[in-house]
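Colleague: Below is the sequence, then the predicted model.
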Amino acid sequence: MASDVDAILRLEVPVIVRLGDRRMKLREVLRLAPGSILELPKNAEDALDLLVNNRAIGGGDAVKVGENFGIRIDWIGGAADRIRALGPNAEDDEDAIAMSLLSGKL
């Protein structure tokens, strides 16, 4: 089991920081062009969403790191929530993996 957990912990997963989202009609999407402004229904002061595998696991504020943008994490879900975000196959062993993470065995 330990080698399975080690292999899982080495996986790379997509991490997304979402400013906001909105639904648009296809005709509106087709009209988008360079210079278009897409307004999001979210205040500039609101927290950004932190997603793994397109599932929210936390959130925080936008920060500038040198010439790049980053996120200062204000809240994050528990280990089981983060494992659940990895996908449907991860749920089979999520309790065992979460217990290993929480007990410090990893």
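Modeller: That came in fine, so what should we check first? All values derive from a computational prediction rather than experimental measurement.
Colleague: ok, residue 57 to residue 69 distance?
Modeller: Separation of residue 57 from residue 69 (Cβ to Cβ, to the nearest Å): 19 Å. Every residue, glycine included, has its C-beta placed from N, CA and C.
Colleague: Comparing these two, which residue is more hemmed in?
Modeller: residue 57 (21 against 11; other Cβ atoms under 10 Å).
Colleague: Who are the contact partners of that one?
Modeller: Contacts for residue 57 (Cβ atoms under 8 Å, 6 or more residues apart in numbering) come out as 50-51, 76-77, 81-82, 85.
Colleague: in its sheet, what does the helix or strand hosting residue 59 sit against?
Modeller: Per DSSP states H and E: residue 59 is located in strand 55-65. Strand pairing for strand 55-65, using DSSP bridges, gives strand 48-52 (antiparallel), strand 68-76 (antiparallel).
Colleague: which one of those strands lies closest to residue 34?
Modeller: Nearest to residue 34 among the strands paired with strand 55-65 is strand 68-76; the distance by Cβ to Cβ comes to 20.4 Å.
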